[in-house]
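Asks: Predicted model, plus sequence, below.
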Amino acid sequence: MTCLKRLIFCKGAQMKVSRSFSAPSTSCRCFHAELVRHDSRGLPVVHHSDYVCDLPPNHRFPMGKFPRVFHFLLKDQVITEKQMWIPQIASRDLLSCVHTDEYLNNFINGTTNEQEQRRTGFPWSEGIVKRCRYETGGTVLAAEIALQRGLACSTAGGTHHAFPNFGSGFCLLNDLAVAAKFVMDSSSPRRKVLIVDLDVHQGDGTAFIFKEEPSVFTFSVHCGKNFPLRKQQSDLDVSVEDGLEDKEYLSTVEAHLPWLLETFRPDLVLYDAGVDPHWDDELGRLRLTDQGLYQRDLYVMKTVVGRGVPVAAVIGGGYSRDIDKLALRHSIVHRAAAQVWRESGM
Ligand SMILES: [Zn+2]
């Protein structure tokens, strides 16, 4: 259901003039970035070697996918190394705009109890804290770059099940919420952020965090019978049935995205391009193909960028024992973004 209050809030908004994005800066001191290594001409891709950490043998989360996504982007010449931006680790201060002090203390220091760890799906380790903090820093950096250059992607991110005071469903820190809050609060007047969450699971943590926040609109298309069992209320939830295929899925997204952009008029879109709606995903229940995911990602980014609104994309969920197959599937969003970048003359 759409939150009427937010739509009313937007009614007085002025028409957005299609903006021209600033020329790239020669220095990235203003960004949450480590080094200036970027090529000003190509699609910016945020990546860090610490997006990955060790897990116990046979753990069901496909941790190895993160470095392989970046590997395939280079190998297939979707990007060059010069297009890589390296994020800083998300500071405790940055995280505290979304997460409670008590949770951050327990999470960072490893004092979460067994039941809390079970809910996240991960045993606590220093490595996992580090990877989640770099992943969150990566999403914040992608958002910052997108605001300046129009489009940017990370090779991780989309941990939408994390709540302010607990982690859940493989999500420990809510990177989308931290990035949205950072973007919203770092300018005056506050920027408005639309979160387009097309992961097959509902973005329950994000929906909860922003339920009373008029400057952030949460839009989630998800499989109704999938995790989480108890859904939160996003500003717009579209629950779809098991087995949905490419054409119907794309029609669903097309039916909502244009009017949301026209009505809410965001200053930034955060796009969770989860690949778990794929037919071969171990946790999804839909039937999208590789081509269907490509068409979806292309449609979302073209539609948003075409209205002069910047977009930062993260990879979201995707589950398979075949890490290379999965990493290639996750790289679809970067390939589609590279096409949008080229065709839009960015
Ligand atoms: Zn998911």
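Replies: Good, I have the coordinates.

Asks: what are the ranges of the strands in the stretch 1-150 of the chain?
Replies: Assigned by DSSP state E, counting those that start in this stretch, the strands in the stretch 1-150 of the chain fall at 45-46, 84-85.

Asks: what about these, which gets the closest to the ion?
Replies: Closest approach to the ion among the strands of the stretch 1-150 of the chain (CB to the ion): strand 45-46, 20.2 Å. For the C-beta atoms, the positions are set from N, CA and C on the backbone; glycine is no exception.

Asks: name the helices or strands packed onto that closest one?
Replies: The helices and strands touching strand 45-46, judged by 3 or more CB pairs under 8 Å, 6 or more residues apart in numbering; DSSP states H and E, are strand 84-85, helix 126-149, strand 151-154.

Asks: Of the strands of the stretch 1-150 of the chain, which stretch is the most buried?
Replies: strand 45-46 (a mean of 32; mean count of other CB atoms under 10 Å).

Asks: Each with direction, which strands does it pair with?
Replies: strand 84-85 (parallel), strand 151-154 (parallel) (DSSP bridges).

Asks: I'd like the next helix or strand past the longest one.
Replies: Scanning forward in sequence from strand 151-154 by DSSP states H and E, the next helix or strand is helix 175-185.

Asks: Give the buried residues for that following helix.
Replies: Residues of helix 175-185 classed as buried by neighbour count (16 or more other CB atoms under 10 Å): D175, L176, A177, V178, A179, A180, K181, F182, V183, M184.

Asks: Residues of the stretch 151-300 of the chain that sit close to the ion?
Replies: Taking CB under 5 Å from the ion, the part of the stretch 151-300 of the chain that reaches the ion is made up of D199, H201, G274, D276.

Asks: again, only using 8 Å
Replies: G158, H160, G169, D199, V200, H201, N226, F227, G274, D276, L283, G284 (CB under 8 Å from the ion).

Asks: Quick one: residues contacting the nearest residue to the first one once chain neighbours are set aside.
Replies: Just to be clear, that refers to G158. What sits nearest to G158 in space, not counting adjacent residues and going by CB to CB, 6 or more residues apart in numbering, is G316, at 3.4 Å. Residues in contact with G316, defined by CB atoms under 8 Å, 6 or more residues apart in numbering, are G157, G158, H160, D197, L198, D199, D272, A273, G274, V275, D276.

Asks: Wait, the fifth one touches V221, no?
Replies: Same thing as L198. Yes - between L198 and V221 there is a contact under CB atoms under 8 Å: 5.4 Å.

Asks: shared neighbours, the two?
Replies: Residues touching both L198 and V221 (CB under 8 Å, 6+ apart): V253.

Asks: So which of these two has more stuff around it?
Replies: More crowded of L198 and V221, by other CB atoms under 10 Å: L198, with 29 against 26.

Asks: Now for the more buried one: which residues touch it?
Replies: Contacts of L198 by CB under 8 Å, 6+ apart are V221, V253, Y271, D272, A273, G274, P277, R296, V300, G316.

Asks: got it, and K231?
Replies: So K231 contacts Q202, D204, D237, S239 (CB under 8 Å, 6+ apart).

Asks: I'd assumed G224 was in contact with the last one.
Replies: Yes - with contact defined as CB under 8 Å, S239 reaches G224; the gap is 3.6 Å.

Asks: Pipe the helices and strands packed on strand 45-46 into CSV and attach mean pLDDT and distance to Q77 per row.
Replies: What follows is the helices and strands packed on strand 45-46, written out as CSV (pLDDT from 0 to 100; distance: least, CB to CB, whole Å):
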stretch, mean pLDDT, distance to Q77
strand 84-85, 94, 14
helix 126-149, 97, 21
strand 151-154, 98, 16
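
Asks: out of these, deepest packed?
Replies: strand 151-154 (a mean of 30).

Asks: Which residue does the stretch 201-346 of the chain have closest to the ion?
Replies: For the stretch 201-346 of the chain, CB to the ion, closest residue to the ion: G317, 2.7 Å.
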